[in-house]
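# Next come a sequence and a model predicted from it.
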Amino acid sequence: MGRVRLGTQLFVLQMVIVVLAVSGTAVVWAQHTRTQLDSQYQQRALAIAEAVAGMPQVRAAFAVQDPAALLQPIAAGVQLETGADYVVIANREQKRYAHPNPSLIGKRLSTDGSKVLLTGQKWVGVQTGTIGTTVRGKAPIYDEYGTVIGLTSVGVLVEKVDAQVGAVLAPLLYTALAVLVAGSAAAALIVRRVRRQTFGLEPGEIAKLLEQREGVLHGVKEGLLALDMEGRVTLVNDAARELLGGVGADLTAMPVSERMRDVLSGADPGEDRIVLQGERVLVLNRTPVSVRGKQRGWVITLRDRTELVRLARELDSASSTTEALRAQAHEFANRMHTVVGLLELGEHDAAVSFITRTTRNTYATGIRDRVADPTLAALLLAKSAEAAERGATLVLSDDTCVPEGVIDDPQDAVLVVGNLVANALDALDGAQGTIEVSVRATEEGLSVRVGDSGPGITPDLVEEVFREGFTTKAAHSGPRGLGLALTRQACMRRGGWVRVHNAGGAVFTALLP
């Protein structure tokens, strides 16, 4: 036999609850009603007993030779007028003077009345006597001196009380049935709603879907972060936690930069937003999530492009070196053609002089004389050739001086100088101009200054240019807008800084301790 469906389980469970609730309520209500009716009849019987006990003729009858002759008619009349099932009058020795059954007159009471006779207290309750089980009340009879001389007992058969309870319970049963019908209808509606919300899936199927979702979310390498409309985190996978370095309950609790928070919140909209998070270069995309035509939140994907950017920089460096070698090969070919021409003309002395002069005045020799570090010198040579290819001129300032052994790890130095020179070349945008580079080893660290003869930086963008993803190019491809951000990150990581100001063009200065 297959498993019972979720809808059937819910319906049966709710109906059990409804039946138990209605049954329990009905029992409690019936018991309460019965208790109230018992109390009402007891008080009614007591009131009749007190009224009889207080009648002057009843008191007077106790003084005559045959009290029963006077009290029996009085008790019978009261019983007839009040509808009580019995009215009994007895003396202090519990000997009956009045009873519905005349044959019992003169005999002792079937139930004990000593409490009333000895203490003078009233009594109500349920007892079984000669005419059956009754709800009764007993009251003492006093003489003119306040002495208890007898008692009056009035009762109503329990069957009458039961009949009245049954009459009262009929509407209750109809109400209970109506509640059961309404409860079953409500249970059916709830089951239908649950089925619609769960798309008809059973608990086992939902559990499998959840397991699959968790497996997919935590198995993908890209980071996934889901936010609701209030910015609260509703879902995050392991990759996102690793990339962000921790995720809080909402955007305000995340340990991320303002730039990252702007992209996550949508304050900085757009596709493929580039953000630096620690040592990582992340690309973020923010996509709205809609359910049944209504937006419920956002899903942000985070892709780690650190390695891609590193490879791109290495490719740019290799391309620059290739361009430098090509330019040098072209220049060398021109010089060789000149030498060949001089030799063919028989100008041997001129050829020797030209070769000597060319060898002594190479730009590479000038760079190496000022920059002893081979990696940094090679970078400057390559950038000089690239500048020449793009119609610009790269010159070293007179104060450039990097002695040998000053730079222990040239990686950051190459990153800072290379990015600043590349930014200067982009600022010239193919136009003729000059780029002046100054690299000095000081007591504080490596001081770098790169100035260009371009249009300069708009004052309101002085700080914005260092933000990751910023670019002045209208059309671009690839991870642009990272050079200056990476430069600032490298400087700040080592306790340095990078700044920019205008002086005939943009001038970037950086300190790399």
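Yep, that arrived. It should be emphasised that the depicted structure is a prediction, and the values quoted were computed from it without experimental measurement. Numbers count the residues shown, from 1 in each chain.

# What does the pLDDT read for Asn334?
Asn334 is assigned a predicted lDDT (pLDDT) of 69.

# cool, Lys138 as well?
90.

# Who is it paired with across the strands?
Trp123, Ser153 (DSSP bridges).

# all strands of the stretch 301-450 of the chain, in order?
392-396, 433-441, 446-452 (DSSP state E, counting those that start in this stretch).

# Counting by contacts, list what the last one packs against.
Yep, that's strand 446-452 we're talking about. Secondary-structure packing of strand 446-452 (3 or more C-beta pairs under 8 Å, 6 or more residues apart in numbering; DSSP states H and E): helix 410-428, strand 433-441, strand 506-512. C-beta coordinates here come from the backbone N, C-alpha and C atoms, glycine included.

# What pairs with it, parallel or antiparallel?
strand 433-441 (antiparallel), strand 506-512 (antiparallel).

# Quick check: next helix or strand after it?
helix 483-493 (DSSP states H and E).

# Whichever helix or strand comes after that next one pairs with which strands, parallel or anti?
Sequence order places strand 497-502 as the next helix or strand after helix 483-493, per DSSP H and E. Using DSSP bridges, the strands paired with strand 497-502 are strand 506-512 (antiparallel).

# Now do the partner strand against helix 410-428, angle only.
170 degrees (axes from the mean of the first three to the mean of the last three C-alpha atoms, to 10 degrees).

# burial of the closest residue in space to Leu511 that isn't next to it in sequence, as a residue count?
In space, and not counting its chain neighbours, Leu511 is closest to Gly496: 4.2 Å by C-beta to C-beta, 6 or more residues apart in numbering. Other residues near Gly496 come to 20 when the count uses other C-beta atoms under 10 Å.

# again, but for Leu446
When neighbours are counted by other C-beta under 10 Å, Leu446 comes out with 25.

# Ala387 too?
24.

# how about the helices in this structure?
6-53, 56-61, 67-82, 114-119, 158-197, 203-219, 238-244, 258-265, 306-344, 348-360, 363-370, 374-389, 410-428, 483-493 (DSSP state H).

# so can I have a markdown table of these showing distance to Leu511?
A markdown table is the format used below for the helices of the chain (distance: least, C-beta to C-beta, whole Å):
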| stretch | distance to Leu511 |
| --- | --- |
| helix 6-53 | 68 |
| helix 56-61 | 121 |
| helix 67-82 | 113 |
| helix 114-119 | 108 |
| helix 158-197 | 61 |
| helix 203-219 | 43 |
| helix 238-244 | 30 |
| helix 258-265 | 23 |
| helix 306-344 | 21 |
| helix 348-360 | 35 |
| helix 363-370 | 19 |
| helix 374-389 | 16 |
| helix 410-428 | 10 |
| helix 483-493 | 7 |
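
# Report the separation between the closest residue to Gln164 other than its chain neighbours and Val126.
Nearest non-adjacent residue to Gln164, counting by C-beta to C-beta, 6+ apart: Leu37, 5.9 Å away. Distance of Leu37 to Val126, computed by C-beta to C-beta, to the nearest Å: 12 Å.

# neighbour-wise, which of those two wins?
Shown here are Leu37 and Val126; by other C-beta under 10 Å, Leu37 has more neighbours (17 against 14).

# before we move on, the earlier item: right, and the strands of the stretch 301-450 of the chain - which one's nearest Val12?
strand 446-452 (78.5 Å; C-beta to C-beta).

# got a list of contacts for the closest one?
If you take C-beta atoms under 8 Å, 6 or more residues apart in numbering as the criterion, strand 446-452 is touched by 397, 402, 406-407, 413, 416-417, 420-421, 423-425, 427-428, 433-441, 503-513.

# Same check on stretch 408-423?
By C-beta under 8 Å, 6+ apart, stretch 408-423 touches 313, 316-317, 373, 375-376, 379-380, 383, 387, 394, 407, 435, 437, 439, 446, 448, 450, 483-484, 486-487, 490-491, 494, 498, 508, 510, 512.

# let's see 7 Å
373, 375-376, 379, 383, 407, 435, 437, 439, 446, 448, 450, 483-484, 486-487, 490-491, 494, 508, 510, 512 (C-beta atoms under 7 Å, 6 or more residues apart in numbering).

# Nothing else from me, thank you.
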